[in-house]
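Enquirer: Okay, predicted coordinates and the sequence, questions at the end:
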Amino acid sequence: MKMETEEMGSRRLDRVPMSGIRKVMNQVNALRAEGKDVISFSAGEPGFNTPEPIKEAACQCLRENLTHYPPNRGSLALRQAIARKTEEDTGVSYDPETEILITCGGAEGINDCILSTVDPGDEVIIFKPAFINYEALVLEIGAVPVSIDLRPENGFQIDLAEVESRITERTKLLVINSPNNPTGAVYSRDSLAGLGELAKKHHFLIFSDEMYSALVYDGLPFYSMAAFPGMKEQSLIVNGFSKTYAMTGWRLGYVTAPEKLMNRLVKHHQYTTTSIATFLQEGVALSMNLPETLHEVEHMKAMFARQRQVMMEGLDSLPGITYTKPYGAFYICADVSGVGMDGETFSRRLLDEALVATVPADCFGDSYQNLVRFSFAAKEEDIREGIRRIRAFLEASS
Ligand SMILES: Cc1ncc(COP(=O)(O)O)c(C=O)c1O
């Protein structure tokens, strides 16, 4: 019998769900295309434009015809600029020639790190709730995700004894993401140091997604996993420009890793993305560390801190909604069970009835049916309007 066309796709992908975040973003776009005034707390997308010096430099590079193939690892000038910034921010020094790879957003960096280190049957420890890409890729490979559920009542912090109890002979990689999407948790220095000790003792790698490293509030410090003793050699770090520099659409990220692991990543990357547009890379290299750019980045961080405050005060004013205070990134995971709905129902009805988009947190982990992710990357006036609409929605549904 003839196979349906869809059935001819690879069986590997049957294990992978579609992205719950993209689903909501597509709904928002469809409603907006119908002329509906949707307030979006769904996208992990800064409401700011890319800093002027970066745009100018990229335009200049385009006019200068920097339009030919760049090296596979990315423009050397950009790798040098990233090495400088990384050392300033984290104290870890990477060789731009051999230990940095420019990727198509942080998303490609995650893909390169997981696909270049994990084999079918390997176990990968993932703290939940988690950004959805990690588990999807682990499943696609045919490896085994080992979930550790973090609890809101513990501030979504890590219990090292629990982690050690889940390590086996087959543990290959442990994934961390701090500051965290979707909880906004920032892991303590002791937790990170403890994870490093476990990685050395049991000989596994740590993949640390540090996309939000620059967005930490209340004066809390940020520690890179690679900064702990001996951990540069056992860590793969993803970072990028999307969130900190408001450059989501540029698709520009990077991985830092020790040379031998990096050589494997480059092998994978050369057959997928190959490299990113030359003039974008060269333009960012010229402008990312300029004082004017860094000033704009600092300004955006101050705005995120303000938006966090407005979102928290708004949620505090709503009956039946509780949340764990976020210390980084731009997300709040709120428990909506007090309003008599699970997260999925709340999110769906809120979008249908009040045109406010949020993401039900069950896509970040099965145990989080009552949680909803609110992104406060939205403009302050939109946050205020969104909260007004949620209040009216709750009053109408009670
Ligand atoms: C934790 C985390 N890692 C990686 C990414 C992907 O970043 P990019 O848009 O640069 O691919 C995101 C985007 O939301 C994220 O939240």
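Expert: That came through fine.
Enquirer: from here on, contacts and neighbour counts on C-alpha atoms
Expert: OK.
Enquirer: Mind jotting down where the helices sit in the stretch 51-200 of the chain?
Expert: Ranges of helices in the stretch 51-200 of the chain, per DSSP state H, counting those that start in this stretch, are 52-63, 76-90, 105-115, 133-141, 160-166, 189-202.
Enquirer: typed the wrong thing, it's the stretch 251-398 of the chain
Expert: Taking DSSP H, counting those that start in this stretch as the test, the helices found in the stretch 251-398 of the chain are 259-270, 278-287, 291-316, 343-354, 380-397.
Enquirer: Pick the most deeply packed of the ones you listed.
Expert: With neighbours defined as mean count of other Cα atoms under 10 Å, the helices of the stretch 251-398 of the chain peak in mean count at helix 278-287, which reaches a mean of 22.
Enquirer: And the helices of the stretch 251-398 of the chain: which comes nearest residue 80?
Expert: For residue 80, the closest of the helices of the stretch 251-398 of the chain is helix 278-287, at 8.0 Å, according to Cα to Cα.
Enquirer: Throw the helices of the stretch 251-398 of the chain into JSON lines and include distance to the ligand and mean pLDDT, thanks.
Expert: As requested, those are exported to JSON lines (distance: least, Cα to the nearest ligand atom, whole Å; pLDDT from 0 to 100):
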{"stretch": "helix 259-270", "distance to the ligand": "15", "mean pLDDT": "97"}
{"stretch": "helix 278-287", "distance to the ligand": "14", "mean pLDDT": "98"}
{"stretch": "helix 291-316", "distance to the ligand": "15", "mean pLDDT": "98"}
{"stretch": "helix 343-354", "distance to the ligand": "19", "mean pLDDT": "96"}
{"stretch": "helix 380-397", "distance to the ligand": "19", "mean pLDDT": "96"}
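Enquirer: Can you lay out those as TSV showing distance to residue 93?
Expert: Shown next, in TSV, are these (distance: least, Cα to Cα, whole Å):
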stretch	distance to residue 93
helix 259-270	12
helix 278-287	18
helix 291-316	20
helix 343-354	43
helix 380-397	37
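Enquirer: wait, which of those is closest to residue 202?
Expert: Nearest to residue 202, of all the helices of the stretch 251-398 of the chain, is helix 259-270, at 18.2 Å by Cα to Cα.
Enquirer: And the contacts of that closest one?
Expert: Outside helix 259-270, the residues that touch it by Cα atoms under 8 Å, 6 or more residues apart in numbering are 72-73, 98-101, 112-113, 115-116, 256, 275.
Enquirer: which one in these is the model shakiest on?
Expert: Among these, residue 275 carries the lowest pLDDT, at 93.
Enquirer: Next, give phi and psi for that one.
Expert: phi -180, psi 170 (degrees, to the nearest 10).
Enquirer: Which residue is the nearest non-sequential neighbour of it?
Expert: Nearest non-adjacent residue to residue 275, counting by Cα to Cα, 6 or more residues apart in numbering: residue 72, 5.3 Å away.
Enquirer: Residue 246 too?
Expert: Residue 246 sits nearest to residue 50 (Cα to Cα, 6+ apart), 5.1 Å away.
Enquirer: And residue 356, by the same measure?
Expert: Residue 356 sits nearest to residue 39 (Cα to Cα, 6+ apart), 4.9 Å away.
Enquirer: Pull the number of nearby residues for that neighbour.
Expert: Burial of residue 39 is recorded as 22 neighbouring residues (other Cα atoms under 10 Å).
Enquirer: and it, how far is that from the ligand?
Expert: Distance, residue 39 to the ligand, using Cα to the nearest ligand atom, to the nearest Å: 18 Å.
Enquirer: so who does that residue touch?
Expert: Contacts of residue 39 (Cα under 8 Å, 6+ apart): 355-357, 382-383, 385-386.
Enquirer: 7 Å instead?
Expert: Taking Cα atoms under 7 Å, 6 or more residues apart in numbering, we find residue 39 in contact with 355-357, 382, 386.
Enquirer: pLDDT wise, what is it at?
Expert: Looking at residue 39, its pLDDT is 96.
Enquirer: beta partners for residue 205?
Expert: Residues in a beta bridge with residue 205, per DSSP bridges, are residue 173.
Enquirer: Pull up the gap between it and residue 101, please.
Expert: In this view, residue 205 and residue 101 are 18 Å apart by Cα to Cα, to the nearest Å.
Enquirer: Tell me which of these two has more neighbours.
Expert: residue 101 (29 against 23).
Enquirer: returning to what we had before: need the max-distance pair from the contacts of helix 259-270.
Expert: Maximum pairwise distance among these (Cα to Cα): 19.1 Å, between 98 and 115.
Enquirer: quick one on the thing from earlier: what's the closest of the helices of the stretch 51-200 of the chain to the ligand?
Expert: Nearest of the helices of the stretch 51-200 of the chain to the ligand, taken as Cα to the nearest ligand atom: helix 105-115 at 3.5 Å.
Enquirer: Okay, angle between the closest one and helix 133-141 too, please.
Expert: Angle of helix 105-115 versus helix 133-141, following axes from the mean of the first three to the mean of the last three Cα atoms, to 10 degrees, is 40 degrees.
Enquirer: Helix 105-115 and the ligand in contact?
Expert: Yes. Helix 105-115 is in contact with the ligand by Cα under 6 Å from any ligand atom, via 105-107.
Enquirer: Could you pick out the buried ones from the residues you listed?
Expert: 105-107 (16 or more other Cα atoms under 10 Å).
Enquirer: So which of these is the closest to residue 224?
Expert: The closest of those, once distances to residue 224 are taken by Cα to Cα, is residue 106, at 15.9 Å.
Enquirer: Might you report the residue contacts of that closest one?
Expert: So, once contact is read as Cα under 7 Å, 6+ apart, residue 106 ends up touching 238-240, 253-254.
Enquirer: Could you list which of the residues you listed also contact the ligand?
Expert: 240, 253.
Enquirer: Tell me which entries of the contacts of residue 106 lie within strands.
Expert: 238-240, 253-254 (DSSP state E).
Enquirer: how about the residues of the stretch 1-150 of the chain near the ligand?
Expert: Checking the stretch 1-150 of the chain against the ligand by Cα under 6 Å from any ligand atom, the hits are 44, 105-107, 131.
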